[in-house]
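Chemist: Model the following, please.
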Amino acid sequence: MRILITERLEQRGIEILQQEGYHVEYRPELARSELEGAIPVFDALIVRSATSVDSKLIGLGVGLKVIGRAGTGVDNIDVEAATRRGIIVMNTPGGNTVSAAEHTISMMLSLARNIPQAHMSMVRGEWDRKRFVGLEVSEKTIGIIGLGKIGREVARRCLGVDMKVIGYDPVLQGDIALKLQIELVTFQELLSRADFISVHTPLTNETRGLLNDTTIAQCKRGVRIINCARGGIVDEKALLRGLESGQVAGAALDVFEVEPPGDQLLFRHEHVIATPHLGASTEEAQEKVAIQIARQVTDALKGSSFVGIVNAPSRILAVQEEIRPYLTLAERLGSLAAQTLSGKLRSLTVIGQGELVSPSLELLKAGILKGALSHLIPDPVNLISAPLLAREMGLVFRERREPVGENFVNLLGLVVETEKEERELLGTVYGSSSVRLVRMDGYMIEVNPEGYLLIYKNIDRPGMLARVGSILAADNVNIAGVSLGRSAIGETALTVMNIDSGIGPLTLKELRSVEGVSQVKVIRLSR
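Modeler: Sure thing, here's the model as predicted:
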(Lines give C-alpha, C1' and ligand atoms only; values in the text may rest on other atoms or scores of the structure.)
Protein backbone atom coordinates (compact mmCIF):
# COMPACT_ATOMS: atom_id res chain seq x y z
CA MET A 1 0.00 0.00 0.00
CA ARG A 2 1.08 3.56 -0.73
CA ILE A 3 0.95 6.42 1.80
CA LEU A 4 1.37 10.09 0.91
CA ILE A 5 2.49 12.64 3.52
CA THR A 6 2.00 16.25 2.39
CA GLU A 7 3.22 18.15 5.46
CA ARG A 8 6.11 18.06 7.88
CA LEU A 9 6.14 14.89 9.98
CA GLU A 10 8.79 13.78 12.45
CA GLN A 11 11.08 11.08 11.07
CA ARG A 12 10.05 8.53 13.69
CA GLY A 13 6.53 8.47 12.27
CA ILE A 14 7.82 7.87 8.74
CA GLU A 15 10.07 5.06 9.99
CA ILE A 16 7.16 3.28 11.67
CA LEU A 17 5.19 3.30 8.40
CA GLN A 18 8.18 2.03 6.42
CA GLN A 19 8.90 -0.71 8.96
CA GLU A 20 5.35 -1.95 8.46
CA GLY A 21 6.10 -2.45 4.78
CA TYR A 22 4.26 0.54 3.32
CA HIS A 23 5.57 2.59 0.41
CA VAL A 24 5.81 6.11 1.86
CA GLU A 25 6.18 9.28 -0.19
CA TYR A 26 7.11 12.26 1.98
CA ARG A 27 6.37 15.39 -0.06
CA PRO A 28 5.75 18.34 2.30
CA GLU A 29 6.23 20.97 -0.42
CA LEU A 30 3.73 19.45 -2.87
CA ALA A 31 1.74 22.09 -4.78
CA ARG A 32 -2.04 21.73 -4.97
CA SER A 33 -2.01 20.93 -8.69
CA GLU A 34 0.64 18.25 -8.13
CA LEU A 35 -1.34 16.82 -5.21
CA GLU A 36 -4.47 16.49 -7.34
CA GLY A 37 -2.48 14.65 -9.99
CA ALA A 38 -0.76 12.33 -7.52
CA ILE A 39 -3.58 11.41 -5.12
CA PRO A 40 -5.35 8.72 -7.24
CA VAL A 41 -2.65 6.09 -6.63
CA PHE A 42 -2.48 6.38 -2.83
CA ASP A 43 -4.25 4.29 -0.19
CA ALA A 44 -3.71 6.73 2.69
CA LEU A 45 -3.07 10.45 3.06
CA ILE A 46 -1.44 12.05 6.12
CA VAL A 47 -1.73 15.81 6.59
CA ARG A 48 -1.52 18.46 9.28
CA SER A 49 -3.48 21.75 9.17
CA ALA A 50 -2.29 23.36 5.93
CA THR A 51 -3.46 20.83 3.32
CA SER A 52 -7.07 21.39 2.25
CA VAL A 53 -8.61 17.94 1.89
CA ASP A 54 -11.82 19.13 0.28
CA SER A 55 -14.49 17.21 -1.61
CA LYS A 56 -12.67 17.67 -4.92
CA LEU A 57 -9.44 16.12 -3.63
CA ILE A 58 -11.38 13.31 -1.93
CA GLY A 59 -13.18 12.62 -5.20
CA LEU A 60 -9.85 12.33 -6.99
CA GLY A 61 -8.52 9.94 -4.34
CA VAL A 62 -10.17 6.88 -5.86
CA GLY A 63 -7.99 4.50 -3.87
CA LEU A 64 -8.07 6.31 -0.53
CA LYS A 65 -8.99 4.24 2.49
CA VAL A 66 -7.66 6.45 5.29
CA ILE A 67 -7.04 10.18 5.80
CA GLY A 68 -4.95 10.90 8.89
CA ARG A 69 -4.55 14.31 10.54
CA ALA A 70 -1.42 14.62 12.66
CA GLY A 71 -3.12 16.92 15.18
CA THR A 72 -6.39 17.34 17.05
CA GLY A 73 -8.74 19.14 14.68
CA VAL A 74 -10.10 18.12 11.29
CA ASP A 75 -11.18 21.61 10.17
CA ASN A 76 -9.24 21.25 6.91
CA ILE A 77 -10.84 17.90 5.99
CA ASP A 78 -14.31 17.51 4.48
CA VAL A 79 -15.34 14.69 6.82
CA GLU A 80 -18.80 14.34 5.27
CA ALA A 81 -17.35 13.90 1.77
CA ALA A 82 -14.91 11.29 3.07
CA THR A 83 -17.67 9.45 4.92
CA ARG A 84 -19.82 9.29 1.78
CA ARG A 85 -16.85 7.67 0.00
CA GLY A 86 -16.30 5.20 2.85
CA ILE A 87 -12.93 6.72 3.75
CA ILE A 88 -11.82 6.62 7.38
CA VAL A 89 -10.84 10.02 8.81
CA MET A 90 -8.73 10.02 11.96
CA ASN A 91 -6.84 12.47 14.13
CA THR A 92 -4.52 12.28 17.14
CA PRO A 93 -6.49 13.37 20.20
CA GLY A 94 -4.44 14.45 23.18
CA GLY A 95 -1.06 14.48 21.47
CA ASN A 96 -0.59 18.22 21.85
CA THR A 97 -2.57 18.90 25.04
CA VAL A 98 0.44 19.77 27.19
CA SER A 99 2.09 21.83 24.44
CA ALA A 100 -1.09 23.84 23.81
CA ALA A 101 -1.57 24.49 27.54
CA GLU A 102 2.05 25.56 28.01
CA HIS A 103 1.84 27.89 25.01
CA THR A 104 -1.26 29.50 26.51
CA ILE A 105 0.58 30.13 29.77
CA SER A 106 3.59 31.50 27.87
CA MET A 107 1.34 33.90 25.99
CA MET A 108 -0.37 35.01 29.20
CA LEU A 109 2.90 35.74 31.00
CA SER A 110 4.36 37.49 27.96
CA LEU A 111 1.22 39.61 27.76
CA ALA A 112 1.37 40.48 31.47
CA ARG A 113 5.03 41.53 31.37
CA ASN A 114 5.22 43.01 27.82
CA ILE A 115 8.11 40.67 27.03
CA PRO A 116 7.95 40.69 23.19
CA GLN A 117 7.59 44.50 23.07
CA ALA A 118 10.47 44.99 25.50
CA HIS A 119 12.66 42.62 23.48
CA MET A 120 12.03 44.51 20.24
CA SER A 121 12.84 47.77 22.05
CA MET A 122 16.18 46.31 23.08
CA VAL A 123 16.82 45.17 19.49
CA ARG A 124 16.34 48.79 18.43
CA GLY A 125 19.01 49.86 20.93
CA GLU A 126 16.57 51.39 23.42
CA TRP A 127 16.53 51.16 27.22
CA ASP A 128 13.03 52.22 28.29
CA ARG A 129 12.09 50.49 31.54
CA LYS A 130 9.15 52.75 32.41
CA ARG A 131 7.34 52.04 29.15
CA PHE A 132 7.14 48.31 29.80
CA VAL A 133 5.92 48.16 33.39
CA GLY A 134 3.83 45.00 33.65
CA LEU A 135 1.63 43.37 36.25
CA GLU A 136 1.80 40.25 38.41
CA VAL A 137 -0.54 37.39 37.57
CA SER A 138 -0.50 36.23 41.19
CA GLU A 139 -3.92 36.78 42.81
CA LYS A 140 -5.42 37.85 39.47
CA THR A 141 -8.49 36.07 38.13
CA ILE A 142 -8.34 34.08 34.91
CA GLY A 143 -11.58 33.12 33.24
CA ILE A 144 -11.28 29.97 31.13
CA ILE A 145 -14.01 29.48 28.54
CA GLY A 146 -14.15 25.77 27.74
CA LEU A 147 -12.86 23.23 30.24
CA GLY A 148 -11.94 20.28 28.06
CA LYS A 149 -8.53 18.63 28.33
CA ILE A 150 -6.54 21.71 27.31
CA GLY A 151 -8.67 24.10 29.36
CA ARG A 152 -8.19 21.95 32.46
CA GLU A 153 -4.42 21.78 31.91
CA VAL A 154 -4.33 25.57 31.62
CA ALA A 155 -6.30 25.84 34.87
CA ARG A 156 -3.86 23.53 36.67
CA ARG A 157 -0.91 25.66 35.62
CA CYS A 158 -2.65 28.91 36.55
CA LEU A 159 -3.28 27.57 40.04
CA GLY A 160 0.46 26.91 40.24
CA VAL A 161 1.21 30.63 39.85
CA ASP A 162 -1.37 31.53 42.51
CA MET A 163 -4.15 32.75 40.23
CA LYS A 164 -7.85 32.56 41.00
CA VAL A 165 -9.39 30.28 38.35
CA ILE A 166 -13.00 30.66 37.26
CA GLY A 167 -14.46 28.81 34.31
CA TYR A 168 -17.48 28.50 32.09
CA ASP A 169 -18.37 25.23 30.41
CA PRO A 170 -21.85 24.00 29.44
CA VAL A 171 -20.96 20.38 30.27
CA LEU A 172 -18.47 20.18 33.16
CA GLN A 173 -20.31 19.42 36.39
CA GLY A 174 -19.76 21.25 39.66
CA ASP A 175 -18.30 18.35 41.66
CA ILE A 176 -15.62 17.75 39.01
CA ALA A 177 -14.80 21.46 38.88
CA LEU A 178 -14.53 21.54 42.67
CA LYS A 179 -11.93 18.77 42.62
CA LEU A 180 -9.99 20.76 40.00
CA GLN A 181 -10.18 23.91 42.18
CA ILE A 182 -12.09 25.73 39.45
CA GLU A 183 -15.04 27.94 40.35
CA LEU A 184 -17.78 27.34 37.78
CA VAL A 185 -19.63 30.53 36.86
CA THR A 186 -22.03 31.74 34.20
CA PHE A 187 -20.63 33.17 30.97
CA GLN A 188 -21.73 36.69 31.95
CA GLU A 189 -20.13 36.39 35.41
CA LEU A 190 -16.87 35.21 33.87
CA LEU A 191 -16.80 38.24 31.59
CA SER A 192 -17.39 40.68 34.44
CA ARG A 193 -14.88 39.16 36.89
CA ALA A 194 -11.90 37.99 34.83
CA ASP A 195 -8.64 39.94 34.57
CA PHE A 196 -7.50 37.49 31.89
CA ILE A 197 -9.78 35.50 29.57
CA SER A 198 -8.51 32.41 27.74
CA VAL A 199 -10.74 30.58 25.25
CA HIS A 200 -10.55 26.81 24.75
CA THR A 201 -13.72 25.88 22.87
CA PRO A 202 -14.29 24.28 19.49
CA LEU A 203 -15.20 26.60 16.61
CA THR A 204 -18.91 26.06 15.96
CA ASN A 205 -21.85 28.19 14.88
CA GLU A 206 -22.43 28.91 18.58
CA THR A 207 -18.85 29.93 19.41
CA ARG A 208 -17.97 31.86 16.25
CA GLY A 209 -17.54 35.47 17.33
CA LEU A 210 -18.14 34.49 20.97
CA LEU A 211 -16.04 37.45 22.06
CA ASN A 212 -17.52 40.33 20.06
CA ASP A 213 -18.43 43.98 20.57
CA THR A 214 -21.29 43.10 22.91
CA THR A 215 -19.48 40.54 25.07
CA ILE A 216 -16.24 42.53 25.18
CA ALA A 217 -18.24 45.51 26.49
CA GLN A 218 -19.45 43.26 29.34
CA CYS A 219 -15.87 42.48 30.40
CA LYS A 220 -13.98 44.15 33.20
CA ARG A 221 -12.26 47.23 31.81
CA GLY A 222 -8.61 46.44 31.12
CA VAL A 223 -9.21 42.74 30.48
CA ARG A 224 -6.51 40.78 28.65
CA ILE A 225 -7.68 38.19 26.09
CA ILE A 226 -5.81 35.06 24.99
CA ASN A 227 -6.84 32.82 22.09
CA CYS A 228 -4.78 29.69 21.45
CA ALA A 229 -7.80 27.60 20.47
CA ARG A 230 -9.39 28.36 17.09
CA GLY A 231 -9.41 31.45 14.92
CA GLY A 232 -12.86 33.01 14.69
CA ILE A 233 -13.88 32.52 18.31
CA VAL A 234 -12.65 36.07 18.92
CA ASP A 235 -14.04 38.65 16.49
CA GLU A 236 -10.79 40.31 15.39
CA LYS A 237 -12.39 43.63 14.35
CA ALA A 238 -14.26 43.85 17.65
CA LEU A 239 -11.04 43.04 19.50
CA LEU A 240 -9.23 45.89 17.74
CA ARG A 241 -12.02 48.28 18.67
CA GLY A 242 -11.77 47.10 22.27
CA LEU A 243 -8.00 47.70 22.27
CA GLU A 244 -8.36 51.17 20.78
CA SER A 245 -10.99 52.17 23.36
CA GLY A 246 -8.98 50.80 26.29
CA GLN A 247 -11.69 48.30 27.23
CA VAL A 248 -9.14 45.58 26.37
CA ALA A 249 -5.66 46.17 27.82
CA GLY A 250 -3.96 43.54 25.68
CA ALA A 251 -4.41 40.45 23.56
CA ALA A 252 -2.31 37.38 22.80
CA LEU A 253 -3.26 35.44 19.68
CA ASP A 254 -1.93 32.19 18.27
CA VAL A 255 -4.85 31.49 15.90
CA PHE A 256 -6.66 33.68 13.41
CA GLU A 257 -9.82 33.93 11.34
CA VAL A 258 -7.73 33.56 8.17
CA GLU A 259 -4.32 31.86 8.28
CA PRO A 260 -1.89 33.26 7.42
CA PRO A 261 -3.65 36.50 8.44
CA GLY A 262 -1.58 38.95 6.41
CA ASP A 263 -0.71 42.46 7.50
CA GLN A 264 -3.48 43.90 9.69
CA LEU A 265 -3.85 46.82 12.07
CA LEU A 266 -4.66 44.37 14.85
CA PHE A 267 -1.21 42.77 14.82
CA ARG A 268 0.53 46.12 14.68
CA HIS A 269 -1.22 47.34 17.82
CA GLU A 270 1.30 47.93 20.59
CA HIS A 271 -0.66 45.82 23.08
CA VAL A 272 -1.03 42.74 20.88
CA ILE A 273 1.37 39.81 20.75
CA ALA A 274 0.93 37.12 18.13
CA THR A 275 2.46 33.80 17.13
CA PRO A 276 1.90 31.81 13.91
CA HIS A 277 -0.25 28.95 15.28
CA LEU A 278 2.48 27.45 17.45
CA GLY A 279 0.27 25.78 20.08
CA ALA A 280 1.34 22.28 19.08
CA SER A 281 4.79 23.22 17.85
CA THR A 282 7.09 21.58 20.36
CA GLU A 283 9.54 18.79 19.64
CA GLU A 284 7.73 16.53 22.10
CA ALA A 285 4.26 17.17 20.66
CA GLN A 286 5.46 16.80 17.08
CA GLU A 287 7.04 13.43 17.85
CA LYS A 288 4.01 12.26 19.83
CA VAL A 289 1.55 13.00 17.04
CA ALA A 290 3.87 11.59 14.36
CA ILE A 291 4.17 8.28 16.21
CA GLN A 292 0.47 8.30 17.07
CA ILE A 293 -0.80 8.95 13.52
CA ALA A 294 1.65 6.43 12.02
CA ARG A 295 0.45 3.67 14.33
CA GLN A 296 -3.21 4.60 13.88
CA VAL A 297 -2.99 4.63 10.07
CA THR A 298 -1.11 1.32 10.12
CA ASP A 299 -3.72 -0.31 12.37
CA ALA A 300 -6.63 1.06 10.33
CA LEU A 301 -5.20 -0.17 7.02
CA LYS A 302 -4.73 -3.61 8.58
CA GLY A 303 -8.18 -3.51 10.19
CA SER A 304 -6.72 -4.40 13.58
CA SER A 305 -7.64 -1.24 15.51
CA PHE A 306 -9.58 1.97 14.92
CA VAL A 307 -8.33 4.49 17.49
CA GLY A 308 -8.83 8.20 16.80
CA ILE A 309 -11.42 7.77 14.07
CA VAL A 310 -13.84 10.70 13.79
CA ASN A 311 -16.28 9.30 11.24
CA ALA A 312 -16.02 5.54 10.82
CA PRO A 313 -16.92 3.94 14.17
CA SER A 314 -20.56 3.97 13.12
CA ARG A 315 -19.66 1.60 10.32
CA ILE A 316 -17.37 -0.48 12.50
CA LEU A 317 -19.47 -0.79 15.63
CA ALA A 318 -22.96 -1.09 14.17
CA VAL A 319 -22.89 -4.79 13.42
CA GLN A 320 -26.58 -4.96 12.49
CA GLU A 321 -27.45 -3.25 9.23
CA GLU A 322 -30.83 -2.27 10.69
CA ILE A 323 -29.22 -0.32 13.55
CA ARG A 324 -27.09 1.95 11.40
CA PRO A 325 -29.82 4.50 10.57
CA TYR A 326 -30.74 4.63 14.27
CA LEU A 327 -27.11 5.44 15.04
CA THR A 328 -27.34 8.30 12.54
CA LEU A 329 -30.54 9.39 14.29
CA ALA A 330 -28.80 9.22 17.68
CA GLU A 331 -25.96 11.50 16.61
CA ARG A 332 -28.39 14.02 15.12
CA LEU A 333 -30.57 14.03 18.24
CA GLY A 334 -27.47 14.78 20.31
CA SER A 335 -26.32 17.48 17.89
CA LEU A 336 -29.78 19.07 17.81
CA ALA A 337 -30.00 19.04 21.60
CA ALA A 338 -26.58 20.68 22.00
CA GLN A 339 -27.41 23.44 19.52
CA THR A 340 -30.71 24.29 21.23
CA LEU A 341 -29.43 24.24 24.82
CA SER A 342 -30.40 27.04 27.15
CA GLY A 343 -28.39 27.04 30.35
CA LYS A 344 -25.82 24.69 31.80
CA LEU A 345 -26.31 21.01 30.97
CA ARG A 346 -27.24 18.84 33.96
CA SER A 347 -28.30 15.48 32.58
CA LEU A 348 -29.19 13.49 29.48
CA THR A 349 -31.70 10.65 29.48
CA VAL A 350 -31.94 8.36 26.47
CA ILE A 351 -35.22 6.54 25.87
CA GLY A 352 -35.55 3.33 23.87
CA GLN A 353 -38.67 1.60 22.63
CA GLY A 354 -38.90 -1.47 20.43
CA GLU A 355 -37.12 -4.74 19.88
CA LEU A 356 -34.54 -3.12 17.59
CA VAL A 357 -33.72 0.02 19.60
CA SER A 358 -33.85 -1.21 23.20
CA PRO A 359 -31.16 -3.93 22.91
CA SER A 360 -28.84 -1.47 21.13
CA LEU A 361 -29.27 1.37 23.61
CA GLU A 362 -25.65 1.27 24.80
CA LEU A 363 -24.36 1.96 21.29
CA LEU A 364 -27.07 4.55 20.63
CA LYS A 365 -26.17 6.32 23.88
CA ALA A 366 -22.62 6.68 22.56
CA GLY A 367 -24.04 8.12 19.33
CA ILE A 368 -26.10 10.70 21.21
CA LEU A 369 -23.09 11.69 23.31
CA LYS A 370 -20.91 11.99 20.21
CA GLY A 371 -23.43 14.28 18.56
CA ALA A 372 -23.85 16.44 21.66
CA LEU A 373 -20.27 16.68 22.87
CA SER A 374 -18.95 17.51 19.40
CA HIS A 375 -20.64 20.89 19.84
CA LEU A 376 -19.90 21.38 23.51
CA ILE A 377 -16.24 20.53 24.12
CA PRO A 378 -13.06 21.22 22.13
CA ASP A 379 -11.70 17.68 22.44
CA PRO A 380 -12.09 15.31 19.48
CA VAL A 381 -15.13 13.08 20.01
CA ASN A 382 -16.03 9.73 18.47
CA LEU A 383 -18.21 6.79 19.47
CA ILE A 384 -15.38 5.24 21.42
CA SER A 385 -14.28 8.35 23.32
CA ALA A 386 -17.68 9.99 23.92
CA PRO A 387 -18.74 7.98 27.02
CA LEU A 388 -15.30 8.43 28.60
CA LEU A 389 -15.29 12.18 27.96
CA ALA A 390 -18.80 12.45 29.41
CA ARG A 391 -17.66 10.71 32.58
CA GLU A 392 -14.62 12.99 32.84
CA MET A 393 -16.93 16.01 32.68
CA GLY A 394 -19.18 14.55 35.38
CA LEU A 395 -22.19 14.48 33.04
CA VAL A 396 -25.19 12.58 34.35
CA PHE A 397 -26.40 10.22 31.63
CA ARG A 398 -29.33 7.89 32.15
CA GLU A 399 -31.21 5.38 30.05
CA ARG A 400 -34.81 4.29 30.07
CA ARG A 401 -36.32 1.37 28.21
CA GLU A 402 -40.05 1.67 27.65
CA PRO A 403 -42.74 -0.60 26.21
CA VAL A 404 -43.66 -0.10 22.57
CA GLY A 405 -46.25 2.65 22.05
CA GLU A 406 -49.19 2.73 19.70
CA ASN A 407 -47.65 4.85 16.94
CA PHE A 408 -44.13 3.49 16.38
CA VAL A 409 -42.55 0.05 16.35
CA ASN A 410 -39.17 1.49 17.36
CA LEU A 411 -38.51 4.88 18.93
CA LEU A 412 -35.33 6.62 20.14
CA GLY A 413 -35.70 9.57 22.48
CA LEU A 414 -33.61 12.07 24.37
CA VAL A 415 -34.55 14.21 27.36
CA VAL A 416 -32.13 17.05 28.13
CA GLU A 417 -32.20 18.80 31.47
CA THR A 418 -30.40 22.09 32.04
CA GLU A 419 -30.47 24.57 34.91
CA LYS A 420 -33.18 26.47 33.00
CA GLU A 421 -35.35 23.95 31.17
CA GLU A 422 -36.12 20.42 30.09
CA ARG A 423 -36.19 19.50 26.38
CA GLU A 424 -37.51 16.36 24.71
CA LEU A 425 -36.62 14.94 21.30
CA LEU A 426 -38.01 11.72 19.81
CA GLY A 427 -37.20 10.09 16.50
CA THR A 428 -37.63 6.95 14.48
CA VAL A 429 -36.67 5.39 11.15
CA TYR A 430 -39.21 4.82 8.39
CA GLY A 431 -38.57 1.87 6.12
CA SER A 432 -34.92 0.87 6.10
CA SER A 433 -33.17 4.23 6.29
CA SER A 434 -35.46 7.30 6.39
CA VAL A 435 -34.51 9.07 9.63
CA ARG A 436 -37.24 11.28 11.11
CA LEU A 437 -37.71 13.55 14.12
CA VAL A 438 -41.29 12.88 15.24
CA ARG A 439 -41.72 14.80 18.49
CA MET A 440 -40.10 17.87 20.02
CA ASP A 441 -41.03 19.28 23.43
CA GLY A 442 -44.43 17.59 23.30
CA TYR A 443 -45.28 18.76 19.77
CA MET A 444 -45.92 16.07 17.14
CA ILE A 445 -43.94 16.84 13.98
CA GLU A 446 -42.30 15.01 11.09
CA VAL A 447 -38.89 16.38 10.12
CA ASN A 448 -35.91 15.04 8.21
CA PRO A 449 -33.11 16.00 10.66
CA GLU A 450 -30.35 16.96 8.25
CA GLY A 451 -28.80 20.11 6.82
CA TYR A 452 -30.07 23.47 8.03
CA LEU A 453 -33.15 23.68 10.26
CA LEU A 454 -35.02 26.82 11.24
CA ILE A 455 -36.91 26.23 14.50
CA TYR A 456 -39.25 28.68 16.20
CA LYS A 457 -42.42 28.92 18.26
CA ASN A 458 -45.31 31.09 17.19
CA ILE A 459 -48.88 31.97 18.06
CA ASP A 460 -51.18 29.68 16.07
CA ARG A 461 -52.97 32.18 13.85
CA PRO A 462 -53.31 32.78 10.08
CA GLY A 463 -50.47 34.46 8.23
CA MET A 464 -47.59 33.52 10.55
CA LEU A 465 -45.97 31.08 8.12
CA ALA A 466 -46.42 33.51 5.21
CA ARG A 467 -44.73 36.30 7.17
CA VAL A 468 -41.71 34.14 7.98
CA GLY A 469 -41.60 32.80 4.42
CA SER A 470 -41.51 36.30 2.96
CA ILE A 471 -38.57 37.29 5.16
CA LEU A 472 -36.65 34.18 4.09
CA ALA A 473 -37.48 34.82 0.43
CA ALA A 474 -36.07 38.35 0.70
CA ASP A 475 -32.78 36.82 1.83
CA ASN A 476 -32.94 34.22 -0.98
CA VAL A 477 -33.29 31.36 1.53
CA ASN A 478 -35.21 28.47 0.01
CA ILE A 479 -37.61 26.40 2.14
CA ALA A 480 -37.23 22.67 1.47
CA GLY A 481 -39.88 21.43 3.90
CA VAL A 482 -42.12 22.55 6.77
CA SER A 483 -43.58 20.70 9.75
CA LEU A 484 -46.05 22.31 12.15
CA GLY A 485 -47.05 21.06 15.58
CA ARG A 486 -49.57 22.61 17.93
CA SER A 487 -51.26 21.81 21.21
CA ALA A 488 -54.61 23.44 20.40
CA ILE A 489 -56.11 25.95 17.95
CA GLY A 490 -54.96 29.50 18.68
CA GLU A 491 -52.29 28.51 21.20
CA THR A 492 -48.51 28.25 20.86
CA ALA A 493 -47.29 26.18 17.92
CA LEU A 494 -43.87 24.80 16.96
CA THR A 495 -42.57 25.24 13.41
CA VAL A 496 -39.56 23.38 12.04
CA MET A 497 -38.33 24.19 8.53
CA ASN A 498 -35.74 22.45 6.40
CA ILE A 499 -33.92 25.24 4.54
CA ASP A 500 -31.26 25.00 1.85
CA SER A 501 -28.78 27.42 3.40
CA GLY A 502 -27.91 29.31 6.54
CA ILE A 503 -29.53 32.61 7.51
CA GLY A 504 -27.68 35.91 7.76
CA PRO A 505 -27.62 37.86 11.05
CA LEU A 506 -29.86 40.67 9.75
CA THR A 507 -32.49 38.21 8.54
CA LEU A 508 -32.29 36.32 11.83
CA LYS A 509 -32.82 39.60 13.71
CA GLU A 510 -35.85 40.39 11.54
CA LEU A 511 -37.35 36.96 12.19
CA ARG A 512 -36.94 37.44 15.93
CA SER A 513 -38.73 40.78 15.73
CA VAL A 514 -41.91 39.34 14.16
CA GLU A 515 -44.81 39.72 16.56
CA GLY A 516 -45.92 36.33 17.86
CA VAL A 517 -42.66 34.56 16.92
CA SER A 518 -40.22 33.49 19.64
CA GLN A 519 -37.27 31.18 20.41
CA VAL A 520 -35.87 31.39 16.86
CA LYS A 521 -32.88 29.12 16.26
CA VAL A 522 -30.94 28.02 13.19
CA ILE A 523 -29.41 24.56 13.50
CA ARG A 524 -26.98 22.76 11.21
CA LEU A 525 -26.91 18.97 11.19
CA SER A 526 -24.75 16.66 9.11
CA ARG A 527 -26.16 15.12 5.95
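
Chemist: From Ala155, how far off is Ile142?
Modeler: Counting by Cβ to Cβ, to the nearest Å, the gap from Ile142 to Ala155 is 8 Å. Yep, even glycine has a C-beta here, placed from its N, CA and C like the rest.

Chemist: overlap in contacts of the two?
Modeler: Residues within reach of Ile142 and of Ala155 at once, by Cβ atoms under 8 Å, 6 or more residues apart in numbering, are Val165.

Chemist: Looking only at neighbour counts, state which of the two leads.
Modeler: Between Ile142 and Ala155, Ile142 has the larger neighbour count (other Cβ atoms under 10 Å), namely 27 against 24.

Chemist: give the contact list for the closest residue to the more buried one other than its chain neighbours.
Modeler: Distances taken as Cβ to Cβ, 6 or more residues apart in numbering put Phe196 closest to Ile142, at 4.4 Å, once the chain neighbours are dropped. By Cβ under 8 Å, 6+ apart, the residues touching Phe196 are 108, 111-112, 137, 140-143, 163, 223-226.

Chemist: so where's the protein uncertain?
Modeler: 312-320, 380, 384, 527 (pLDDT under 70).

Chemist: Which residue, neighbours along the chain excluded, lies closest to Gly334?
Modeler: Closest to Gly334 by Cβ to Cβ, 6+ apart is Gly371, at 2.8 Å.

Chemist: ok now do the one you found, which residues does it touch?
Modeler: Gly371 neighbours (Cβ under 8 Å, 6+ apart): 330-338.

Chemist: Which element, helix or strand, includes it?
Modeler: helix 361-376 (DSSP states H and E).

Chemist: Report the buried residues of the helix or strand just after that helix.
Modeler: Next in sequence after helix 361-376, counting helices and strands by DSSP H and E, comes helix 386-392. Neighbour counts over helix 386-392 (16 or more other Cβ atoms under 10 Å) mark 386-387, 389-390, 392 as buried.

Chemist: Give me the distance between Cys163 and Gly174.
Modeler: For the record, residue 163 is Met, not Cys. Going from Met163 to Gly174 by Cβ to Cβ gives 20 Å.

Chemist: ditto for Val47
Modeler: 39 Å.

Chemist: Looking at these two, which has the bigger crowd around it?
Modeler: Ranked by neighbour count (other Cβ under 10 Å), Val47 and Gly174 place Val47 first, with 24 against 13.

Chemist: quick one, what contacts the more buried one?
Modeler: 5-7, 53, 67-70, 76-77 are the contacts of Val47 under Cβ under 8 Å, 6+ apart.

Chemist: Just give me the closest of the contacts of Phe196 to Leu211.
Modeler: Ile225 (6.5 Å; Cβ to Cβ).

Chemist: Nearest residue to Lys140 in space, ignoring adjacent ones along the chain?
Modeler: Asp195 (4.2 Å).

Chemist: My guess is the one you found contacts Cys219. True?
Modeler: No. Judged on Cβ atoms under 8 Å, Asp195 makes no contact with Cys219 at a distance of 9.7 Å.

Chemist: my read: Val438 touches Tyr430, true?
Modeler: No. Look at Val438 against Tyr430 with Cβ under 8 Å: they stay out of range, at 9.5 Å.

Chemist: neighbour count winner among these two?
Modeler: Of the pair Val438 and Tyr430, Val438 is the one with more neighbours under other Cβ under 10 Å, namely 20 against 12.

Chemist: How about the secondary structure of that one?
Modeler: Secondary structure for Val438, judged by DSSP: H, G, I helix; E, B strand; the rest coil, is strand.

Chemist: What of Leu329?
Modeler: Classified using three-state DSSP, Leu329 is helix.

Chemist: all helices in the stretch 1-150 of the chain, in order from the N-terminus.
Modeler: For the stretch 1-150 of the chain, applying DSSP state H, counting those that start in this stretch gives helices covering 11-19, 32-38, 55-60, 79-84, 97-113, 115-123, 149-160.

Chemist: mind checking how far the longest one is from the chain centre?
Modeler: Right, the one you point to is helix 97-113. 22 Å (Cα atoms, centre = their mean, to the nearest Å).

Chemist: Okay, buried residues for it please.
Modeler: 97-108, 110-113.

Chemist: Could I get the buried residue list for stretch 120-127?
Modeler: Ser121.

Chemist: Thank you kindly, that will do.
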